[in-house]
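S.K.: With the sequence up front, the predicted model follows.
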Amino acid sequence: MATKETLRMLGPGEEAVIDKVTASGELGRRIREMGLVPGTTIKIMGRAPLKDPVEIKLKGYNLTLRNNEADHIMVRSGEE
Amino acid sequence: MAGEKLTIALAGNPNSGKTSLFNALTGARQHVGNYPGVTVEKKWGVAKLGGNDVTIVDLPGTYSLTAYSPEELVARDYLVQEKPDVVVHVADAANLERNLYLAVQFLELGVPLVIALNMMDVAEAKGLSIDTDKLGKLLGAPLVPTVARTGKGVPELLAAAAKVAAERKEWKPLELSYGHDVDQALNELTASLNGGGREWEPLSPRWVGLKLLENDSEVKAQVARDPSLAALTGTRRQELSEHIRSTMDDDPEGIIADHRYGFISGLYRQAVTETRGQRLELSDRIDKVLTNRLLGPVFLLAILYGVYEFVFWASETPVGWFETFFGWLGGVAEAAIPEGLLQSLIVSGVIDGVGGVLGFVPLIAFMFFAIAIMEDTGYMARVAYILDRLLRHFGLHGNSVIALIVSGGISGGCAVPGVMATRTLKDPKARLATILTVPLMNCGAKLPVYALLIGAFFAAQQANMLFALTLISWGLALIAARILRWTLLKGETAPFVMELPPYRMPTLKGLLIHTWERTWQYAKKAGTVILGVSVVMWALMTFPGLPEERVASWESRIEAAQTQEAKDELAHLMAQDEVRHSVAGRMGHALTYVTAPLGFDWRTNVALVGGFAAKEVVVATMGTAYSLGEVDPEESESLGDRLAKDPAWNPLMAFALMIFVMVYAPCFVTVVMIRREAGGWGWALFAMGYTTILAYVLALLVYQGGRVLGLG
């Protein structure tokens, strides 16, 4: 298993698996509702022109979230 | 279902094709309103099933059934309180895993459920093969494949819904396992909730317990009404949550959500096969260009520019028709009603006033049409994505830009639909900040004022002047938003976790329905409110009439005049005297004490008071007040010439007036809309107050500052 990092640190085109969602309360709920739960594979599709928010692909659809929200999503590298 | 009318509730994620399905089911037989107390739209319609009418209620699009957002609460309250015969969950087959999350919540709630597996064509094109029978058996709810855009599968869906409604009357909640710790806590809560002959119908005690663990404020409040259960909403619940948190290192809510998705991925693996590997889809390829770091903003500007060109180009002719029609109607009324107060009321008050606003209907309709295209294709979500970072600097949200543009971010919009457009904002404080600042944009009604004054005083650099005014209004709106977010609307911004739906070709039917709904809302509101305000303004400018001896003196002078020209001139002067004598005229005079430092005279003041009804009125009222008879905003050269020659006027004063008109109190219809959308007269009055004070300060700075610099 690779070193722990957050979704913010990933670059465009990179894939990873969600390890843990550290946000609680409304943000944590919202993140999970959209399918960002542990074990999900995500791929970074790109970042907005001002480098924030970030666009990711998971479960076959596209989602965007801000960098400070991406900080709450711990990932491990895609190859298991 | 002998004699009993079937009610079907339609639910689903945003972007799941729910609206298309609703349109396919109900066609033109649909109604729009608002849920009481919230700004969430309520839609219902009628579908035909074997000769019987079926009521279809379209619940707001949600990702979940918690009680956090107004949409989610409305959807859940409707199900629990109204108990529809069956719920049809519209799921996007091409995005099944995420969509099934809501389905699982319906199953946990226990409602009679049918799942419409929508957009099957897209799913197949994506290489997904879904075993609907198997998935239906695993879920315990029938699945009907549909393609709402073409109407495929819609009759089968209705039949399946009717069958479920006939067979299942009671609610049967699905009981999932959420792992050892949560299950144990849940069992304890359920046992306590079950005792004492309490009635939770139609909810199951287990579901109530689940919501307590999920920290659902609505359910907590409901349970707290029974004092013997106080411990369950207080300490005991907290202890259980703490225990789960310490053993699992996560919130109970998080663990519950994870298990729901775990359940879903189990089903998904059994019933769905992906026949093709993940490849870059067309939508992603389009995004590589449209949201590209360098090209994205260029396309954004080009598209917005194109939208405006389109709206003005397309609406020019129909707006002309409306104007001609109201002109004709005024003529007819003038001929049919004898001269006097009644004629004046009908022609000047009702027809001119309401006609002035309804004349904008084609423009508004095309604007809504363009917005519907941007929304239905999925581009609107990209606009928010591209601009979120920039707007966040000012305490706004990516979606705020749509409201700002609609309101006149590129000159010519209207703040009424602009305020309505803020509904797409989920962050309540950012939304309020947007609502309060969109009236600063240069709406279409301010343009005649600019056209008049720029034409008269800045003829050499018309385009530059208009561009400068556009920049000033953007700057003011963003700064005002920033200040509001630092002061009255302090607080964290809500999360920005937003789906970017795949690009889709919109259907003409969907676009037309969207456009019609919103345009009709605008026409209805504007029509009724403006009617009232027009009559009030008319009365203010008519009463009290001149004293009898003054009328007699004017009439004898007109009688005595030799030429028709002299007669007309005297009639104008009499009209001017009447306005001066009226309530509005006296207000204008009284206001000169306040506006003298800005350089405005009493006639401008009257016009500004009138402008509160609608900004178009400013030019019309100045025309009347300057005694030039009828001044059409489109042909304001004559008034412009008059102002340019008037020694009391100069370019500095004209500029101060333009700034004042840009910023001061939003028009009455906008104020009413702000009250509705911001949820109270307090905010509406605040919007009027702060803009007027800001307008005064800015105009004062411009006028006095300009004089110091020797410009005036």
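M.R.: That came in fine, so what should we check first? Numbering: from 1, shown residues only, chains lettered A, B, ... in the order given.
S.K.: how near is the closest residue to B:Phe106 other than its chain neighbours to B:Pro142?
M.R.: Excluding the flanking residues, the one nearest B:Phe106 by Cβ to Cβ, 6 or more residues apart in numbering or on different chains is B:Leu113, at 5.1 Å. C-beta coordinates here come from the backbone N, C-alpha and C atoms, glycine included. Distance of B:Leu113 to B:Pro142, given as Cβ to Cβ, to the nearest Å: 8 Å.
S.K.: returning to that earlier point: my guess is the residue nearest to B:Phe106 contacts B:Gln105. True?
M.R.: No: counting by Cβ atoms under 8 Å, B:Leu113 sits too far from B:Gln105 to count as a contact (10.4 Å).
S.K.: And for the spatially closest residue to B:Ala314 that is not a sequence neighbour, the neighbour number?
M.R.: The shortest distance from B:Ala314 to any non-neighbouring residue, by Cβ to Cβ, 6+ apart, is to B:Phe366 (4.9 Å). As a burial measure, B:Phe366 scores 22 neighbours (other Cβ atoms under 10 Å in any protein chain shown).
S.K.: ok, now B:Thr324?
M.R.: 11.
S.K.: Helix or strand: which one has it?
M.R.: helix B:295-336 (DSSP states H and E).
S.K.: Figure out the helix or strand that the residue nearest to B:Ala314 lives in.
M.R.: Per DSSP H and E: helix B:361-377 holds B:Phe366.
S.K.: now B:Leu157
M.R.: Using DSSP H and E, the element containing B:Leu157 is helix B:154-167.
S.K.: List the buried residues in whichever helix or strand comes after that helix.
M.R.: Counting by DSSP H and E, the next helix or strand C-terminal to helix B:154-167 is helix B:180-194. Buried positions in helix B:180-194, judged by neighbour count with 16 or more other Cβ atoms under 10 Å in any protein chain shown: B:Asp181, B:Val182, B:Ala185, B:Leu186, B:Leu189, B:Thr190, B:Ser192, B:Leu193.
S.K.: got the CA positions of stretch B:113-130 in CSV?
M.R.: Listed next in CSV are the C-alpha coordinates belonging to stretch B:113-130 (Å, rounded to 0.1, in the frame of the first residue of the first chain):
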residue,chain,number,x,y,z
LEU,B,113,-41.8,1.5,-4.9
VAL,B,114,-41.4,1.1,-8.6
ILE,B,115,-38.1,1.9,-10.2
ALA,B,116,-38.0,3.5,-13.7
LEU,B,117,-34.6,2.5,-15.1
ASN,B,118,-34.4,5.6,-17.3
MET,B,119,-32.0,6.4,-20.1
MET,B,120,-31.5,2.8,-20.9
ASP,B,121,-30.3,3.8,-24.4
VAL,B,122,-27.4,5.8,-22.9
ALA,B,123,-26.5,3.0,-20.5
GLU,B,124,-26.4,0.6,-23.5
ALA,B,125,-24.3,2.9,-25.5
LYS,B,126,-21.9,3.1,-22.5
GLY,B,127,-21.6,-0.7,-22.7
LEU,B,128,-23.7,-1.5,-19.6
SER,B,129,-25.9,-4.5,-19.7
ILE,B,130,-28.4,-4.5,-16.8
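S.K.: For that stretch, the averaged confidence score.
M.R.: Confidence over stretch B:113-130, taken as the mean pLDDT, stands at 92.
S.K.: contact partners of the strand or helix carrying B:Ala463?
M.R.: With elements taken from DSSP H and E, the one containing B:Ala463 is helix B:462-486. Here helix B:462-486 makes contact (Cβ atoms under 8 Å, 6 or more residues apart in numbering or on different chains) with B:393-396, B:400, B:404, B:408-411, B:429-430, B:432-434, B:436-438, B:440-442, B:450, B:454-455, B:458, B:658-659, B:662-663, B:690, B:694, B:698.
S.K.: Filter those residues down to the buried ones.
M.R.: B:394-396, B:400, B:404, B:408-411, B:429-430, B:432-434, B:436-438, B:440-442, B:450, B:454-455, B:458, B:658-659, B:662-663, B:690, B:694, B:698.
S.K.: Mind checking which of those land in helices?
M.R.: B:400, B:404, B:429-430, B:432-434, B:436-437, B:450, B:454-455, B:658-659, B:662-663, B:690, B:694, B:698 (DSSP state H).
S.K.: Keep these, but drop any that are not near chain A.
M.R.: Residues of those in contact with chain A (Cβ under 8 Å from any Cβ of the partner chain): none.
S.K.: So B:Ile693 versus chain A, what's the distance?
M.R.: 33 Å (Cβ to the nearest Cβ, to the nearest Å).
S.K.: and that residue, how far is that from B:Val671?
M.R.: From B:Ile693 to B:Val671 the distance is 15 Å (Cβ to Cβ).
S.K.: higher neighbour count, the two?
M.R.: B:Val671 (22 against 13).
S.K.: List the residues that contact the more buried one.
M.R.: Counting by Cβ under 8 Å, 6+ apart, B:Val671 has contacts B:Ala665, B:Ala684, B:Ala687, B:Met688.
S.K.: do B:Arg550 as well
M.R.: Contacts of B:Arg550 (Cβ under 8 Å, 6+ apart): B:Asp577, B:His581.
S.K.: what about it, which helix or strand?
M.R.: Per DSSP H and E: helix B:548-560 holds B:Arg550.
S.K.: and the lowest-mean-pLDDT helix or strand in chain A with chain B, contact?
M.R.: Here the helix or strand of chain A ranked lowest by mean pLDDT, DSSP states H and E is helix A:25-33, holding a mean of 88. Yes: residues of helix A:25-33 are located near chain B by Cβ under 8 Å from any Cβ, namely A:Gly25, A:Glu26, A:Leu27, A:Gly28, A:Arg29, A:Arg30, A:Ile31, A:Arg32, A:Glu33.
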